[in-house]
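Chemist: Let me see the structure of the following:
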Amino acid sequence: MPSSISTLLAAHDFSDTAALALRQAKALAKANDARLVLAHVVELVPLGPYPSIKGGANELAIRDIAEERINAIADEARADGSEIEVIVRVGEPGATLVEIAEEVGADLFVIGTRGLTGVKHVLLGSTAESVVRRAPMPVLTVHPDDALLTPPLETLVVPTDLSPAAEIAPQVFATLFANGAKPRVHLVYADRTPPYLEPF
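Modeler: A predicted model of the protein is given here:
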């Protein structure tokens, strides 16, 4: 984990939670004087965020609509002087976003979650979950109604499975949010009871 963040990637799917994630990414980019890249992936089968297109709509037409929408979002976010690069691709969102993050050399990936649970989660999957599992860099997930995190944070709860990868998590939080302070960190480990011991 680098001692500072030089490039952030924020994913956007036109949802309210993605807007929150972009706000968080902007704040972190400003605090670290970092480059901010805003990415959107057009799914091969157009779904929710795209208006219905009649007739012989093709991939290019859908991509044009997506580029227009994401550039409008970027322009609005630039109103305070922020510099934001925009990338639009066509593909499977999770894998394509990770490819973009690797291409731009992102030190941190910021993505919103839709908060799906139960059957909806199983049927629709989760782009954020896919990114978390695949991305080679730290991923900050932003949930619906999350407040904007600004350093310094005073208390952190860090779940751990005692793996070497889990040891990096407190360092990542310290880099992003400690801002010279020493936050109280609670490491939490939950052990799963083996099925053969449950009767006892």
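Chemist: which helices and strands sit right next to the helix ranked longest in the chain?
Modeler: Counting by DSSP state H, the longest helix found in the chain is helix 59-77. Applying 3 or more CB pairs under 8 Å, 6 or more residues apart in numbering; DSSP states H and E, one finds that helix 59-77 contacts helix 16-32, strand 35-42, strand 84-90. To be clear about C-beta, it is placed using only N, CA and C from the backbone, and glycine gets the same treatment.
Chemist: What helix or strand is the residue lying closest to residue 139 once chain neighbours are set aside located in?
Modeler: Distance criterion CB to CB, 6 or more residues apart in numbering; nearest residue to residue 139, sequence neighbours excluded, is residue 109 at 4.5 Å. Residue 109 is part of strand 108-112 when elements are defined by DSSP states H and E.
Chemist: May I have the beta-bridge partners of the residue nearest to residue 139?
Modeler: Counting by DSSP bridges, residue 109 forms beta bridges with residue 9, residue 139.
Chemist: That one: what's it in contact with?
Modeler: By CB atoms under 8 Å, 6 or more residues apart in numbering, the contact set of residue 109 is 8-9, 11, 97, 101, 131, 135, 137-140.
Chemist: Convert the C-alpha atoms of the helix or strand containing residue 170 to PDB, please.
Modeler: Following DSSP H and E, the helix or strand that holds residue 170 is helix 164-173. Extracted in PDB, the C-alpha atoms of helix 164-173 (Å, rounded to 0.1, in the frame of the first residue of the first chain):
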ATOM      1  CA  PRO A 164      -1.700 -11.700   5.500                       C
ATOM      2  CA  ALA A 165      -4.100  -9.800   3.300                       C
ATOM      3  CA  ALA A 166      -6.200  -8.800   6.200                       C
ATOM      4  CA  GLU A 167      -3.200  -7.300   8.000                       C
ATOM      5  CA  ILE A 168      -3.000  -4.600   5.300                       C
ATOM      6  CA  ALA A 169      -6.500  -3.300   6.000                       C
ATOM      7  CA  PRO A 170      -5.600  -1.100   9.000                       C
ATOM      8  CA  GLN A 171      -2.600   0.300   7.000                       C
ATOM      9  CA  VAL A 172      -5.000   1.300   4.200                       C
ATOM     10  CA  PHE A 173      -7.400   3.100   6.600                       C
END
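Chemist: Cheers, nothing more for now.
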